[in-house]
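**Student:** Requesting a structural model of the entry that follows:
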Amino acid sequence: MKTRFLFLGTLLFVLLSCGNPEEEAAWRVAEQSPTNRTELTRFLEHYQSAGDKEKYRAACFLVANMPGKFAWAEDGMRKVYDVDVVQADSLIRSLEYSFRLKAESPYLQGYTFRQFCEYVLPYRVAHEPLEYYWKWDCAQRFRTDSTDIVAAARHLNAQVRLGMSADFYGALQKSYSTLMREGYGKCDDRSTLVVMALRAAGVPAAFELVPYWGSSNNAHSFAALVLPGDSSVAFQNSDNNSETGLLHRKTPKVYRKRYSRASGADAERLTLPELFRPQDLQDVTDKHRIGFRDVALAESSADAPLYLSVFSPNGWVPVAYSCDGTFPRMGTGRLPEGIEEAVGLGDGILYLPSRYVEGEMQPVSAPVIVSEAGVRELRPDTTVRRSVTLERKFPLSVRMVGFANYMRHGLFQVANRPDFSDAKTVVRLTGTPLSRMQRVTVVDVAAYRYVRYLRPRGTFSMAEMRALSPEGAVLPFTPIACGAIEQTVTPSRVFDSDPLTYLEINGGFDLWVGMDLGRRRRIGAIEFAPRNDDNAVSPGDRYELYYWDDRWVKAGERQAEDYSLTFTDIPAHALLWLRDVTKGREERPFTYEDGKQIWW
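**Tutor:** Predicted coordinates for the structure are as follows:
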């Protein structure tokens, strides 16, 4: 009799569940798995037979949306798909932990069951190597007593200490255990770790990303607290708990990585670019404080999507796609109030309407500038030719201008006593110097043994310095510095002929570095550079100039003799790209308007 009632109860449970497309999809995924059918089926059967309808729904949600979830293998050459390697026992323990949070967390009131499944339940965040124990480990490492969900999220974010470096850009995501052991990574690693810390505390959170900036050559990601109404509160670093500087560059799109996939998606769509293949992105551009507008292209295609792509030196990068030529919420480049990115940026974001063909983006029409004012095409006028004089290959960031500004009020002094008790000021920097190597003339005709750059109180910052004879030859020297600098850093960075190395130190007193010329010598000039990005035209480097006319067309090649380059016979109104073939990798396209480079 008891067995009969158990059978009827199980039958009733199954009948009530019938007709749920996600349940059907989950069983289909499990039964069609060629390598891991036993584990997936055991996971589903565990909750189907347990009689807890919500947990069974959650288990179906996880398996139904599992196709396309992956981490890269250590060699970076192949994907390791979750459906092939997940283990039932680990999934069960992860699900049980999340349901305990659902019952006990003070933060989940007002959230739907679907939101719980999206932003608390999942066993993974992005494409990190698969591990399950992070939930209970994070709960021990990162804690908060706040009952306010936003304050709690800020507190947890502030506890996540992870060293960040641009050196890791392009590296594979690290596992949770590796991050805990090494303590450093890239923005994707920190974003993932913050989402883990939030979810482990019962705070709904998501991994959000900018696929590629519209004014710089990289991508970005960050963690976001997801509120019940689907709005978000985003976090940058442990010392930056506000959104003010979060999207500090021109932003074409912001996506939220969800666990669920687009309706009707059964597997990766290999005909799409990598970003869009898992079909798990939600467009949340309108949930952030940036400008956006809808864009409609005249081109459309029923058999292949159209894309809007942004510039990269390695090829155009797709950031949005459409099957009917309509692109909602495309970024216009408007930044939050008070944020300024670089000098000479144009108004809007440059996009290339394109198609994805055999792994590459191919143009379908002329590039467009999307701004708050509208959408306009960029087409070269090959019937009108002109000269262009160029000074940089990449826009000068406000940050670099700030470094140069540290040299304001600095003094170049000469002396014949090593303690500079007889110092004579020969150059006084009254304005902000250029963000490159530059020369100042010394009019004093006397001979001196010692030369120094003195920064009176404040931040000492400098990249390069050398003294020249009246004939222009570099004078031999031995580096010298004040005691405060010699005891903390090496002054050799200022004299290594590398514009990307620099010496920077804060002080509430005078700081200086200089040169002992060995004997008294006449000094004709001093050359120096503030901390900079080495993206100005550099004498001795070889450059190529290209313009866009359905492809990049080479317009000329020059070796720089000074800090500017002039090219002739360039089509008017063209989109241009200056490449340094000698060194460097940072380059951005520009137009030439009223004798100036306007950057895109």
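**Student:** switch to C-alpha atoms for all contacts and neighbour counts from now on
**Tutor:** Noted.
**Student:** got the contact list for stretch 479-488?
**Tutor:** The contact list for stretch 479-488 (Cα atoms under 8 Å, 6 or more residues apart in numbering) reads 491-492, 495, 505, 511-516.
**Student:** In the stretch 451-600 of the chain, where is pLDDT below threshold?
**Tutor:** Judged against pLDDT under 70, the stretch 451-600 of the chain has no low-scoring part.
**Student:** residue boundaries of the strands in it?
**Tutor:** Taking DSSP state E, counting those that start in this stretch to define them, one finds strands in the stretch 451-600 of the chain at 458-462, 464-468, 478-481, 503-507, 511-522, 525-529, 542-548, 552-559, 565-572, 576-580, 590-593, 596-599.
**Student:** likewise the stretch 151-300 of the chain?
**Tutor:** Per DSSP E, counting those that start in this stretch, the stretch 151-300 of the chain carries strands over the ranges 163-164, 184-185, 205-210, 220-226, 232-235, 255-257, 281-283, 292-296.
**Student:** Direction included, what does the first one pair against?
**Tutor:** Which is strand 163-164. Strand pairing for strand 163-164, using DSSP bridges, gives strand 184-185 (parallel).
**Student:** of the contacts of stretch 479-488, buried ones?
**Tutor:** By neighbour count, with 16 or more other Cα atoms under 10 Å, these hold 491-492, 495, 511-516 as buried.
**Student:** Redo the residues you listed as JSON lines? Include distance to Asn314.
**Tutor:** Shown next, in JSON lines, are the buried ones among the contacts of stretch 479-488 (distance: Cα to Cα, whole Å):
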{"residue": "Pro491", "distance to Asn314": "37"}
{"residue": "Ser492", "distance to Asn314": "35"}
{"residue": "Phe495", "distance to Asn314": "33"}
{"residue": "Leu511", "distance to Asn314": "43"}
{"residue": "Trp512", "distance to Asn314": "42"}
{"residue": "Val513", "distance to Asn314": "40"}
{"residue": "Gly514", "distance to Asn314": "41"}
{"residue": "Met515", "distance to Asn314": "42"}
{"residue": "Asp516", "distance to Asn314": "45"}
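**Student:** Among these, which one sits closest to Glu360?
**Tutor:** Nearest to Glu360 among the buried ones among the contacts of stretch 479-488: Phe495, at 44.0 Å, using Cα to Cα.
**Student:** For the closest one, which residues are in contact?
**Tutor:** By Cα under 8 Å, 6+ apart, the residues touching Phe495 are 464-466, 479.
**Student:** Mind doing that once more with 6 Å?
**Tutor:** Counting by Cα atoms under 6 Å, 6 or more residues apart in numbering, Phe495 makes contact with Glu464.
**Student:** do you know how far it is from Leu503?
**Tutor:** Distance of Phe495 to Leu503, computed by Cα to Cα, to the nearest Å: 10 Å.
**Student:** And for Pro418?
**Tutor:** Distance of Pro418 to Leu503, given as Cα to Cα: 21 Å.
**Student:** out of those two, which sits in the busier spot?
**Tutor:** Leu503 (19 against 14; other Cα atoms under 10 Å).
**Student:** Bridge partners for the more buried one, pull those for me.
**Tutor:** Met462.
**Student:** again, but for Arg579
**Tutor:** Glu544.
**Student:** my guess is it meets Tyr543, correct?
**Tutor:** Yes. Contact criterion Cα atoms under 6 Å: Arg579 and Tyr543 qualify, at 5.5 Å.
**Student:** Tell me which strands whichever helix or strand Met330 is part of pairs with, and in which orientation.
**Tutor:** Applying DSSP states H and E as the criterion places Met330 in strand 326-331. Sheet pairing here is set by DSSP bridges, and for strand 326-331 it gives strand 292-296 (antiparallel).
**Student:** May I see the buried residues of the partner strand?
**Tutor:** Within strand 292-296, the residues that count as buried by 16+ other Cα under 10 Å are 292-293, 295.
**Student:** Dump the C-alpha coordinates for it into PDB.
**Tutor:** This file holds the C-alpha atoms of strand 292-296, laid out as PDB (Å, rounded to 0.1, in the frame of the first residue of the first chain):
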ATOM      1  CA  PHE A 292      22.800  55.500 -26.900                       C
ATOM      2  CA  ARG A 293      20.400  55.500 -29.900                       C
ATOM      3  CA  ASP A 294      18.800  53.100 -32.300                       C
ATOM      4  CA  VAL A 295      20.500  52.700 -35.700                       C
ATOM      5  CA  ALA A 296      18.800  51.400 -38.800                       C
END
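**Student:** shift numbering so it begins at 56
**Tutor:** Renumbered: residue one is now 56, and that last one reads strand 347-351.
**Student:** got the contact list for it?
**Tutor:** Outside strand 347-351, the residues within contact range by Cα under 6 Å, 6+ apart are 380-387.
**Student:** What subset of the residues you listed is buried?
**Tutor:** Neighbour counting with 16+ other Cα under 10 Å marks 380-387 as buried within the contacts of strand 347-351.
**Student:** Domain ranges for the chain, per the record?
**Tutor:** Segmentation of the chain into domains, based on automatic domain parsing, reads 160-432, 442-452+591-654, 454-584.
**Student:** lowest average confidence, helix or strand, in this protein?
**Tutor:** helix 57-72 (a mean of 40; mean pLDDT, DSSP states H and E).
**Student:** what sits up against the helix or strand following it?
**Tutor:** Moving toward the C-terminus from helix 57-72, the next helix or strand (DSSP H and E) is helix 76-87. Applying Cα under 6 Å, 6+ apart, the contact partners of helix 76-87 are 92, 95-96, 115, 118-119.
**Student:** And these, which two are furthest apart?
**Tutor:** Greatest spatial distance in the contacts of helix 76-87: Arg92 and Cys115, 14.3 Å, computed using Cα to Cα.
**Student:** Comparing the two, which shows the higher neighbour count?
**Tutor:** Taking other Cα under 10 Å, Arg92 and Cys115 do not tie; Cys115 has more neighbours (25 against 17).
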